[in-house]
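> How does the following fold in three dimensions:
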Amino acid sequence: MVIHMPAISSAYSGVYAANQRFEAAAANTVRDASSGGDIVSDVVGQIESRTAFEASISVVKTADEMMGRLLDIKA
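Alright, predicted model coming up:
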């Protein structure tokens, strides 16, 4: 039996995207700090990315728990 969990796929995509946004915001922070740019926006971008990352991880954990419970029921 194959069980398809689109929530996990979406969550992994969210983790990846949040990581990419965080890395870009961190690079912008370094660049703006050395050039006198707006680092506040960059730090806000990092915080938003971290929150999105945490939300995606929560989805992965919940989907994993659901899968475990489903397998317990099937056993």
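
> Show me the shaky parts of the protein.
1-4 (pLDDT under 70).

> Determine the longest helix present in it.
helix 39-74 (DSSP state H).

> Mind listing what's buried along it?
Across helix 39-74, burial judged by 16 or more other CB atoms under 10 Å covers I39, D42, G45, Q46, S49, A52, F53, S56, V59, V60, A63. Backbone N, C-alpha and C define where each C-beta goes, glycine included.

> So for this structure, which residue is the most central one in space?
In the chain, the centroid-proximal residue (CA atoms, centre = their mean) is F53; its distance is 2.3 Å.

> Quick check: that one touching N19?
Yes: between F53 and N19 a contact is recorded at 6.5 Å, counting by CB atoms under 8 Å.

> follow-up on the earlier one: CSV for the buried residues of helix 39-74, including distance to T29?
Converted to CSV, the buried residues of helix 39-74 look like this (distance: CB to CB, whole Å):
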residue, distance to T29
I39, 5
D42, 4
G45, 8
Q46, 7
S49, 12
A52, 17
F53, 17
S56, 22
V59, 27
V60, 27
A63, 32
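
> ok, of these, which one's closest to A7?
Nearest to A7 among the buried residues of helix 39-74: A63, at 4.5 Å, using CB to CB.
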